[in-house]
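**Q** Next one to model:
(chains A and B)
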Amino acid sequence: MLFEGIPIEFFLVTSTIMFFVGVFGFITRENIITILMSIELILNATNINFLVFNRYLYPGQLEGHFFSLFVIAVAAAEAAVAIAIIINIYRRFKSIDVDNVDEMKN
Amino acid sequence: MESILGNQVMFIIFSAMIVMFSILTVTSRRILRAATFLLFVLLATAGLYFMLNYQFLAAVQITLYAGGIVVLIIFSILLTSHIDHKFDKVPAQKLIMGVIAAGGGIAISLMTLLSYNFTPSNQQPIDVDMKTIGKSLLSYGDNGYVLPFEVISVLLLAAMIAAIVIAKRKKV
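**A** Okay, here's the model as predicted:
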């Protein structure tokens, strides 16, 4: 067992810090791509939580494992669509700062 | 005894990498460096998955996140930004608000987390090998996940088509 000797709280503290660093980036960043990177951080932190709870509290089941598998798939789909939208915004506004993109249609 | 110490050292290395590089990801003023730091965060997360004995998910994390999404992000950075462009400093008010939101969230979450008493389970751990994963993904009884599997495959197809349609240059 590779995780022996490590209390569950250690993992949870790490993922909590990662989650709120992502929230901080989401609030302070201006560029759309860096906001997307903050969202990836948040999704990763939740994934760690799912797996840790699955491994420590319900090791006989696989719910957390498959849920994080699906979260990863949804994150991949989200990143693909988000980047298509970002490229489209760049063509239209010549900038991807959220402050400059304040109209839906021109 | 020795392996427990080794585990703890490994865990400390991975979690220090995660904390350090995720802070650098959201504070770095050069966007390509931020993407590189994100790559390190994702690799360290894969290391934590290996420590939890979820080898398949760690491999998926490396191939999909570190291989796929980071490359996608770097490509879009190269398409939309100048490499030597540096972001402006974050305005003080926004910075203070962000620190308050993140710090308050961390404080509340950690207080709740550390005061709760987790009871370790007495379930028999099952081995998560490829055979179990494949059988679970394609069965519909107990521990069967064929419905979300199908939904996610339709979602991926829809997202792929949507990405092509959105990014396609309109005919003049």
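**Q** In chain A, which residue sits closest to chain B?
**A** As assessed by Cβ to the nearest Cβ, chain B sits closest to residue A:25 within chain A, at 3.0 Å. For the C-beta atoms, the positions are set from N, CA and C on the backbone; glycine is no exception.
**Q** what pLDDT does that residue get?
**A** Looking at residue A:25, its pLDDT is 93.
**Q** Who are the packing partners of the lowest-mean-pLDDT helix or strand in chain A?
**A** Sorting the helices and strands of chain A by mean pLDDT, DSSP states H and E puts helix A:63-93 at the bottom, at a mean of 90. The helices and strands touching helix A:63-93, judged by 3 or more Cβ pairs under 8 Å, 6 or more residues apart in numbering or on different chains; DSSP states H and E, are helix A:32-57, helix B:55-60, helix B:70-80, helix B:130-137, helix B:146-167.
**Q** Phi, psi for residue A:97 please.
**A** Residue A:97 adopts backbone torsions of phi -90, psi 140, taken as degrees, to the nearest 10.
**Q** Could you check how far residue B:120 is from residue A:19?
**A** 24 Å (Cβ to Cβ, to the nearest Å).
**Q** Counting neighbours, go ahead and name the busier of the two.
**A** residue A:19 (23 against 10; other Cβ atoms under 10 Å in any protein chain shown).
**Q** List the buried residues of the strand or helix carrying residue B:46.
**A** In the assignment (DSSP states H and E), residue B:46 maps to helix B:31-51. Within helix B:31-51, the residues scored as buried using 16 or more other Cβ atoms under 10 Å in any protein chain shown are B:31-32, B:34-35, B:37-51.
**Q** Does it reach chain A?
**A** Yes: using Cβ under 8 Å from any Cβ of the partner chain, helix B:31-51 reaches chain A at B:31, B:34-35, B:38, B:41-42, B:45, B:48-51.
**Q** Using JSON lines, please lay out those together with distance to residue B:74 and pLDDT.
**A** Listed next are those as JSON lines, based on distance: Cβ to Cβ, whole Å; pLDDT from 0 to 100:
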{"residue": "B:31", "distance to residue B:74": "10", "pLDDT": "90"}
{"residue": "B:34", "distance to residue B:74": "10", "pLDDT": "93"}
{"residue": "B:35", "distance to residue B:74": "5", "pLDDT": "93"}
{"residue": "B:38", "distance to residue B:74": "10", "pLDDT": "94"}
{"residue": "B:41", "distance to residue B:74": "15", "pLDDT": "95"}
{"residue": "B:42", "distance to residue B:74": "13", "pLDDT": "94"}
{"residue": "B:45", "distance to residue B:74": "18", "pLDDT": "94"}
{"residue": "B:48", "distance to residue B:74": "23", "pLDDT": "92"}
{"residue": "B:49", "distance to residue B:74": "23", "pLDDT": "92"}
{"residue": "B:50", "distance to residue B:74": "25", "pLDDT": "91"}
{"residue": "B:51", "distance to residue B:74": "28", "pLDDT": "90"}
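**Q** returning to what we had before: show me the one of the helices and strands packed on helix A:63-93 that comes nearest residue B:104.
**A** helix A:32-57 (16.3 Å; Cβ to Cβ).
**Q** can you state the direction angle for the closest one and helix B:70-80?
**A** Counting by axes from the mean of the first three to the mean of the last three Cα atoms, to 10 degrees, helix A:32-57 lies at 170 degrees to helix B:70-80.
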